[in-house]
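**Q** Next come a sequence and a model predicted from it.
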Amino acid sequence: MSVFTTEISGANIWITGASSGIGRELAIKLAQADNTVFVSARSRAALDGLRAQDPQRLIPLVCDVGDRESMADAGRKLRAMTDSLDMVILNAGTCEYVDNADLDLDMFERVFAVNFFGVVNCLALAKPLLQRAQRRGHIVGIGSLSTVVGLPRAEAYGASKAAMQYLLDSLRVDLIHEKIDVTVVRPGFVETPMTAANDFPMPFVMNTEQAAASILKGIAQRRRMVEFPRRLSWSLRIAAMWSGLWYSVMAPRLSRVNKL
């Protein structure tokens, strides 16, 4: 296996949602770059499989980010393993789509429990450890390009990611004097177990290796915002600039209702 190189090295890093997809790829690449990586997910078996890639640098921490009791237990275990974190990558996420504008409250609660409140739970645990970082602390949140404009069926997913982004943007202001940087990552479509369930075309789709490379380049530079792929990012930004056309003509054509 070839060794991956990045400017991020010798750091203590915690990654949530590390059992598959982008999180798993980031964990492996950061371990190859001589970082100690605490990897979290709900599945012990999946994390044990990941640890086999590098038993010395990949340290499993089983938890459910949406469960406060689980996170309290994870906090005790993490503090027993390290007294500081240099970076936390908030990658755990879930996606459910709304059909026929049916606002199912249970579904919204499930999505927000992971994508928003899961981030709050992790930050409450990680912040004291980031404040003791050996270098400038860094919070990285994996958001979504779905927050640029309203998209069909994405009411729950997009809203949860928009809420997460606002949370991190506000924290960026309040943490500047504590020497903790904040980066929001907004990917487009990436081939992961989560997107494998999508039943619609995914323009400019990327694989996890490409996505991880883009993320690592951006966070090594401590950029405020990391977006990819560029073609999708700019397409959505143009749609936002021409919002009248987007919401009255273009977006309705993507709606499943018009395809029935």
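**A** On my side now, so go ahead.

**Q** can we go C-alpha only for contacts and neighbour counts from here?
**A** OK.

**Q** State the number of residues packed around the residue nearest to residue 153 when sequence neighbours are not counted.
**A** Setting aside the residues directly before and after it, residue 153 is nearest to residue 98 in space (Cα to Cα, 6 or more residues apart in numbering), at 4.6 Å. By other Cα atoms under 10 Å, 16 other residues sit near residue 98.

**Q** isn't residue 50 right up against residue 24?
**A** Yes. With contact defined as Cα atoms under 8 Å, residue 50 counts as touching residue 24 (7.4 Å).

**Q** give me every residue that touches residue 189.
**A** By Cα atoms under 8 Å, 6 or more residues apart in numbering, the contact set of residue 189 is 195, 202-206.

**Q** Now, of those, which are buried?
**A** Buried subset of the contacts of residue 189 (neighbour count, 16 or more other Cα atoms under 10 Å): 195, 205-206.

**Q** Just send those back as JSON lines, with pLDDT too.
**A** Converted to JSON lines, the buried ones among the contacts of residue 189 look like this (pLDDT from 0 to 100):
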{"residue": "195", "pLDDT": "85"}
{"residue": "205", "pLDDT": "90"}
{"residue": "206", "pLDDT": "90"}
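
**Q** How are the helices of the stretch 1-150 of the chain distributed by residue range?
**A** Secondary structure of the stretch 1-150 of the chain (DSSP state H, counting those that start in this stretch): helices at 21-32, 44-51, 68-81, 105-115, 117-130.

**Q** Would you mind saying which of those helices lies nearest residue 146?
**A** Residue 146 lies closest, by Cα to Cα, to one member of the helices of the stretch 1-150 of the chain: helix 105-115, at 13.3 Å.
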